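# how does the following fold in three dimensions:
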Amino acid sequence: MHDGSDVLADGDSVVAAKKRSDLPVRVASAAVMLTVAGAAFWLGGWALIGFIVAIGLGIYAEWAALVFAFEARFAVRAIWLAAGLVYIGLACCAALQLLDPSPRGLLLVVGSVIAVDVGAYFAGRTFGGPKIAPSISPSKTWSGLGGAILAASAVYMMYVWTIYRHELEITRYVIAHYGAEVGNKTSPQFHWLLAIVLGTATAVIAQSGDFFESWMKRRAGVKDSGRLIPGHGGFFDRADGLMAVLFANGVVALIWFMRP
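Numbers count the residues shown, from 1 in each chain. Predicted structure coming up:
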């Protein structure tokens, strides 16, 4: 009696074979992306600014394509396009603002978002468990979010630890040259709680951005936001979480500058 198990096995083999065949393309694309981004950061200045602006324009073009795919009403389209301009524009402005006085701030944000993706991937695959929103993104689990929080918090922990060690050296120098009374006034603190808060916020916001882009793609009936990056989709697919985190940074910066 034929129970169909061999068909399922063949189907799984086809999927696995396709993934293996796509792997060289994905790896090559990732290498190119890292090279271009690394070169932009290494060159700095107008090269890095131009890189950020170009990525922002590419993401907005993909945003507009998704909107035209799922919304036919002219007025609603206009609202979506304006919202995308605000969302992506503010995120790019935040990225540019983080370049002052050096790219270190932007690198920290980018590194924390990469940590979110890595932590979520490995924790989700290792522990599995309940899905967060299976109708929007079936692969996202609560365990993955926990791994994302831990990974992002670790990145911020290393950053605040580096600052702490630097300030500690300054304090020791002051004590050695000006005495303990003066040095104790500059005693540094290790802000571990701040690192955890920033890591948690980064993980939640980045995954929310991922969910938002997945929701847009489901409404548009497409798998990827674009095809410019072979094996990876579009710019929006690669930077959905980062855009959300940068947008949140931009909102916080606006609130800070507009305070009385």
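
# please list all residues in contact with the residue lying closest to residue 196 once chain neighbours are set aside.
Nearest residue to residue 196, sequence neighbours excluded (C-beta to C-beta, 6 or more residues apart in numbering): residue 153, at 5.0 Å. All C-beta spots, glycine's among them, are computed from the backbone N, C-alpha and C. Contact analysis of residue 153 by C-beta atoms under 8 Å, 6 or more residues apart in numbering lists 195, 196, 198, 199, 200, 203.

# next one: residue 153 from residue 108, what distance?
Applying C-beta to C-beta, to the nearest Å, the value for residue 153 to residue 108 is 13 Å.

# all strands for the stretch 1-150 of the chain, in order.
For the stretch 1-150 of the chain, no strands are identified by DSSP state E, counting those that start in this stretch.

# now the helices for it?
Secondary structure of the stretch 1-150 of the chain (DSSP state H, counting those that start in this stretch): helices at 5-43, 45-70, 74-97, 104-127, 142-178.

# ditto for the stretch 151-260 of the chain
Per DSSP H, counting those that start in this stretch, the stretch 151-260 of the chain carries helices over the ranges 180-183, 192-220, 235-257.

# how many neighbouring residues does residue 25 have?
13 (other C-beta atoms under 10 Å).

# quick one: closest of the helices of the stretch 1-150 of the chain to residue 227.
Of all the helices of the stretch 1-150 of the chain, helix 45-70 sits nearest to residue 227, with 9.8 Å by C-beta to C-beta.

# now that closest one: mean pLDDT?
When pLDDT is averaged over helix 45-70, the result is 95.

# that helix packs against which elements?
helix 5-43, helix 74-97, helix 192-220, helix 235-257 (3 or more C-beta pairs under 8 Å, 6 or more residues apart in numbering; DSSP states H and E).

# can you say which of those helices is nearest to residue 114?
Using C-beta to C-beta, the helices and strands packed on helix 45-70 put helix 235-257 closest to residue 114, at 8.7 Å.

# against residue 203, how distant is the residue nearest to residue 196?
Residue 153 sits at a distance of 8 Å from residue 203 (criterion: C-beta to C-beta).

# for residue 129, same thing?
Distance from residue 129 to residue 203, by C-beta to C-beta: 16 Å.

# ditto for residue 135
In terms of C-beta to C-beta, residue 135 sits 21 Å off from residue 203.

# residue 235 too?
Taking C-beta to C-beta as the measure, residue 235 falls 22 Å from residue 203.

# also residue 222?
Per C-beta to C-beta, residue 222 is found 26 Å from residue 203.

# the two: which has the busier surroundings?
Taking other C-beta under 10 Å, residue 222 and residue 203 do not tie; residue 203 has more neighbours (29 against 17).

# thought residue 155 was touching the more buried one, still the case?
No. Under the criterion of C-beta atoms under 8 Å, residue 203 is not in contact with residue 155, lying 10.4 Å apart.

# can you list contacts of stretch 86-98?
Contacts with stretch 86-98, where a contact means C-beta under 8 Å, 6+ apart, come from 49, 52-53, 55-56, 59-60, 63, 105-106, 109, 242-244, 246-247, 249-251, 253-254.

# check contacts around residue 118.
Residue 118 neighbours (C-beta under 8 Å, 6+ apart): residue 151.
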